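>>> got a structure for you, letters missing:
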């Protein structure tokens, strides 16, 4: 038990990231049933679809689950009303100002977590009264901060800056990485990429296959002029690189991106023309595995690694000061 | 004691990175005297100056110390001959192929460590027979890998790929970060930026002051076309950004960089026109502190954080599998 498990009423402080096109009710329910916190990623959903997904998730688990709402999309008020009606009580907001919605969300009884990538927004979260923060490093997939601060540096910086319960994200797919995040000051982890490579995720099988094959350097932060996003390298990525390499404008990039690139890649499985959002940690993912097993494996490795470190180093070095 | 302390005959597995213009004999001796491993950074030194530095270091400490030799510079053979004559027995090579020098260095009795930023070169190190690897993540200062893999992802990737003793670098300035690196599979840490902000480093006071003032997002990876390097944002950095933003060529960047930019910034203290190489972790550095105190603080925090994690989490979660 710690602040994060108590806040959500869950067994393990392992949160499955809400991700567009990848995390519907099947994935969220599987993670929640295993003792973590599953999140439905509503960024790619209309309010109606979100309602359907929430209802299915409620049928599939009696454990707490949440919904991620990226604030840059429209119809947030409709989404929040639906969540209130359906009795969802945990919302992760991202890609926006925590001051905009937190007060309202608290009034209707929600636990509010906001995702940040820098210290400045962590302080804004504290001022806005959010209940916990997800701090997401440069290595994370999808949309990303312009400071490019990595998880290793971001977590202690934010731990120093604010007192809120802190969930680390970016580069975390294992119990070892979870323990590393806890050493840096986090009390929970948000795991995205690892949960895309599960039977329960709604990602297209061709995209899942590319994740299993990815290694060192196969993802890169791109589209920095119009909003940094970490992508798997494919034909679309190389086209972006060409435009950026010759000093192309933001307008050109917006046009190249067009509409529906992410859906094309991640849901429809066009792995050349689509936008494939995934984290660096894809280089460590070798096989598809049920989401519940992943939760258990992470926790087992967390405990085993802690025991190993204790065995090897407990009282080994007595500092002289 | 672990593989790293045994390999070098040192008390603590804390290695001070060899850094151009910042790490001469004073810094190396201070770190070695405190029980870590100090490295003289020979990248910015002629063979004659290196010899003088080594001799001074031998007068200042009877503990083991080493020398970092970036292989992209000239006169490496002269440098190695001097180190042999002077009885230095630990060499960290970087920025080159480990196959080129390792066999020769072993023949003349050196312990050889090579610095890498990706799995491919880690495997080359194993094939070349080096004695240990430094794996350096994207958040590190100075020259950096083109894969942009962060420490959080790089360390477990390399731990899986090779069996060599592994030293983590990039984003590490504290005992918490050291423990995180150990959780990820390292047995030692190489710390750079934190040791620049010491009285013993030869960095210019104006550069040291900028490190103390740096925060989130104040460093950025630049000059990717001609060799990625992490820089503090200043006038020179903004000029680089301008050239890159309009799709300027590698030749233009080489011309803009010119000769002696790093010396101008880091040694001579021209903080606007100079090249200021430092890591992201500068955002966590708030005060100048003697190098020996830093070593002790890192080790104390490593042990304290381990105890705290044990207290909070030992046997807290019993996985169900």
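Yep, that arrived. This structure is a prediction, so every number in the text was calculated from the model and none was measured.
>>> got a list of what residue A:3 touches?
Applying Cβ atoms under 8 Å, 6 or more residues apart in numbering or on different chains, we find residue A:3 in contact with A:132, A:165, A:187. Glycine gets a C-beta too; all of them are placed from N, C-alpha and C.
>>> between these, which is nearest chain B?
Chain B has its nearest neighbour among the contacts of residue A:3 in residue A:187, at 8.9 Å by Cβ to the nearest Cβ.
>>> Mind checking which of the contacts of residue A:3 land in strands?
Restricting these to those inside strands, with DSSP state E as the criterion, leaves residue A:132.
>>> Tabulate the contacts of residue A:3 (JSON lines), appending pLDDT, distance to residue A:208 and neighbour count.
As requested, the contacts of residue A:3 are exported to JSON lines (pLDDT from 0 to 100; distance: Cβ to Cβ, whole Å; neighbours: other Cβ atoms under 10 Å in any protein chain shown):
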{"residue": "A:132", "pLDDT": "98", "distance to residue A:208": "30", "neighbour count": "22"}
{"residue": "A:165", "pLDDT": "98", "distance to residue A:208": "32", "neighbour count": "20"}
{"residue": "A:187", "pLDDT": "98", "distance to residue A:208": "30", "neighbour count": "21"}
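>>> Reformat the contacts of residue A:3 as CSV; add distance to residue B:14.
As requested, those are exported to CSV (distance: Cβ to Cβ, whole Å):
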residue, distance to residue B:14
A:132, 33
A:165, 31
A:187, 27
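>>> Secondary structure class of the residue lying closest to residue A:206 once chain neighbours are set aside, three-state.
Of all residues beyond its chain neighbours, the one nearest residue A:206 is residue A:269 (3.9 Å), with distances taken as Cβ to Cβ, 6 or more residues apart in numbering or on different chains. In three-state terms, and counting by DSSP: H, G, I helix; E, B strand; the rest coil, residue A:269 is coil.
>>> for residue A:269, phi and psi?
Dihedral pair for residue A:269: phi 80, psi 20, per degrees, to the nearest 10.
>>> For the residue lying closest to residue A:184 once chain neighbours are set aside, the count of nearby residues, please.
Excluding its sequence neighbours, the residue lying closest to residue A:184 (Cβ to Cβ, 6+ apart) is residue A:155, at 4.0 Å. As a burial measure, residue A:155 scores 30 neighbours (other Cβ atoms under 10 Å in any protein chain shown).
>>> and what of residue A:199?
With other Cβ under 10 Å as criterion, residue A:199 counts 13.
>>> can you check residue A:84 too?
Residue A:84 is flanked by 15 other residues according to other Cβ under 10 Å.
>>> any residues touching the helix or strand containing it, and which ones?
Assignment of secondary structure by DSSP states H and E places residue A:84 within helix A:76-86. Applying Cβ under 8 Å, 6+ apart, the external contacts of helix A:76-86 come out as A:42, A:47, A:50-51, A:54-55, A:58, A:67, A:69, A:91, A:101, A:104-105, A:108-110.
>>> Show me the residues you listed that map onto strands.
Mapping these onto strands (DSSP E) picks out A:67, A:69, A:91.
>>> The residue nearest to residue A:184 and residue A:135 touch, don't they?
Yes: in this structure, residue A:155 sits in contact with residue A:135. The criterion is Cβ atoms under 8 Å, and the distance is 5.8 Å.
>>> Now for residue A:120: which residues touch it?
residue B:216.
>>> Could I get the buried residue list for the strand or helix carrying it?
Residue A:120 belongs to helix A:119-128 when assigned by DSSP H and E. By neighbour count with 16 or more other Cβ atoms under 10 Å in any protein chain shown, helix A:119-128 contains the buried residues A:119, A:121-122, A:124-125, A:128.
>>> count of residues packed around residue A:1?
Using other Cβ under 10 Å as the criterion, residue A:1 is surrounded by 12 other residues.
>>> which residues does it contact?
Taking Cβ under 8 Å, 6+ apart as the test, what residue A:1 contacts is residue B:316.
>>> pLDDT at it, what is it?
The model reports residue A:1 with a pLDDT of 88.
>>> and residue A:167, that's in a helix?
No: using three-state DSSP, the assignment for residue A:167 is strand, not a helix.
>>> Apart from its neighbours in sequence, what residue is nearest it?
Using Cβ to Cβ, 6+ apart and skipping the chain neighbours, the partner closest in space to residue A:167 is residue A:188 (4.1 Å).
>>> Quick one: residues contacting the residue in the stretch 1-150 of chain A positioned nearest to chain B.
Nearest to chain B, among the residues of the stretch 1-150 of chain A, is residue A:147, at 3.2 Å (Cβ to the nearest Cβ). By Cβ under 8 Å, 6+ apart, the contact list for residue A:147 reads A:117-118, B:216-217.
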